[in-house]
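Peer 1: Okay, here's the prediction I keep looking at, along with the sequence it came from:
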Amino acid sequence: MVNISIIGRRELAAYFLSPLAYVVLTAFGLAHGLLFALALVSPMNLGDTVSYIFQVPILLLVLAAPILTMRLLSEETRSGTIESLMTAPVTELEVVLGKFVGALVFMLVMYAPLAGELLYLRALGAYDVGPVLSSALGLFLLTGLFLSVGLLCSSLTRSQVAAAIVSFVLLLGLQVVWNLTRDASSAAGRVLRYVAPTWHYVSFLKGIVDTRDLVYFMALACLMLFLTVKALQLRKWR
């Protein structure tokens, strides 16, 4: 746990020293704020507006997660620092979890505007807190899954750009699958729909915390992190 914490703090500090991270922070905040402003002038009721502001991060995450994870392991591999890191008294699992935690904490910082929007809506009128809490949990799980996918892609290449493109294509593909199968009634359509993260996230937006959705997010994120550890181990023995 100590090594994970050290690596996590190191990655978090690296984010705040990177101009690109500030660009992503600013772009994410502006985009989310603009879409929130559009929601305020629309005829939606307060409850629908609260649900809407938790839907906005889905597409923003598809762009932000690949950018924030692309350098985590690919840059270490390209620069050769991965070898020195692997010879330190840390395991591959600790390295992966430390980098994952650092990226996850930074992403939570990015959600500060969302918290401000919820406070603003609270000042406008009362809304049901239950769906807000379940939506926040769902967003946390969705963020963790997207970051784990990006981290796996970063472990498979020396190029940051290639890692970002591959993870973007994968995440966008999962979103497209959801859009194409959300109303499907066939067996194949239902299977594909189940694979899409958004299908499970929608339940949280409705205030439903289903064990199956929790298992889906945690199991898939753990699988991505496990594959990342294996990718590092294979690289170590080359």
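Peer 2: Perfect, I can see it now.
Peer 1: switch to C-alpha atoms for all contacts and neighbour counts from now on
Peer 2: Fine.
Peer 1: what about the helices in this protein?
Peer 2: Along the chain, counting by DSSP state H, helices occupy 2-16, 19-40, 46-69, 74-79, 81-87, 92-110, 112-124, 129-155, 160-181, 187-195, 197-205, 211-236.
Peer 1: where are the low-confidence patches of this structure?
Peer 2: By pLDDT under 70, the low-scoring segments of the chain are 43-44, 47, 76, 78-88, 125-126, 183-184, 235-238.
Peer 1: Try it again at 90.
Peer 2: Within the chain, the stretches with pLDDT under 90 are 1-64, 67-96, 107-136, 154-164, 172-200, 202-210, 231-238.
Peer 1: who are the neighbours in contact with the residue most central in space within it?
Peer 2: For the chain, the residue nearest the mean C-alpha position is residue 143 (2.5 Å; CA atoms, centre = their mean). Counting by CA atoms under 8 Å, 6 or more residues apart in numbering, residue 143 makes contact with 61, 65, 104, 107.
Peer 1: buried stuff in stretch 211-218?
Peer 2: By 16 or more other CA atoms under 10 Å, the buried positions in stretch 211-218 come out as 213, 214, 216, 217.
Peer 1: roughly how far is stretch 150-157 from the heart of the chain?
Peer 2: Centroid separation between stretch 150-157 and its chain, computed with CA atoms, centre = their mean, to the nearest Å, is 14 Å.
Peer 1: outside of it, which residues touch it?
Peer 2: Stretch 150-157 has contacts (CA under 8 Å, 6+ apart) with 65-66, 69-74, 77, 100, 160, 163-164, 166-167, 224-225, 227-228, 231-232.
Peer 1: Any quick PyMOL command for the buried ones out of these?
Peer 2: Selection of buried members from the contacts of stretch 150-157 for PyMOL, criterion 16+ other CA under 10 Å:
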select buried, resi 65+66+69+70+71+72+73+74+77+100+160+163+164+166+167+224+225+227+228+231+232
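Peer 1: distance of residue 188 from residue 136?
Peer 2: Using CA to CA, to the nearest Å, we find residue 188 at a distance of 30 Å from residue 136.
Peer 1: Mind listing what's buried along stretch 56-64?
Peer 2: By neighbour count on 16+ other CA under 10 Å, the buried set for stretch 56-64 is 56, 57, 58, 61, 62, 63, 64.
Peer 1: ditto for stretch 134-152
Peer 2: For stretch 134-152, a neighbour-count test (16+ other CA under 10 Å) marks 134-139, 141-152 as buried.
Peer 1: Mind exporting the C-alpha coordinates of that stretch to PDB?
Peer 2: Provided in PDB are the C-alpha atoms of stretch 134-152 (Å, rounded to 0.1, in the frame of the first residue of the first chain):
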ATOM      1  CA  SER A 134     -26.300   6.700  -7.100                       C
ATOM      2  CA  SER A 135     -25.300   8.700 -10.200                       C
ATOM      3  CA  ALA A 136     -22.100   9.900  -8.400                       C
ATOM      4  CA  LEU A 137     -21.300   6.200  -7.600                       C
ATOM      5  CA  GLY A 138     -22.000   5.200 -11.200                       C
ATOM      6  CA  LEU A 139     -19.800   8.100 -12.500                       C
ATOM      7  CA  PHE A 140     -16.900   7.000 -10.200                       C
ATOM      8  CA  LEU A 141     -17.200   3.400 -11.500                       C
ATOM      9  CA  LEU A 142     -17.400   4.500 -15.200                       C
ATOM     10  CA  THR A 143     -14.400   6.800 -14.800                       C
ATOM     11  CA  GLY A 144     -12.400   3.900 -13.200                       C
ATOM     12  CA  LEU A 145     -13.300   1.600 -16.100                       C
ATOM     13  CA  PHE A 146     -12.400   4.100 -18.800                       C
ATOM     14  CA  LEU A 147      -9.100   4.900 -17.100                       C
ATOM     15  CA  SER A 148      -8.200   1.200 -16.800                       C
ATOM     16  CA  VAL A 149      -8.800   0.800 -20.500                       C
ATOM     17  CA  GLY A 150      -6.500   3.700 -21.300                       C
ATOM     18  CA  LEU A 151      -3.900   2.400 -18.900                       C
ATOM     19  CA  LEU A 152      -3.900  -1.000 -20.700                       C
END
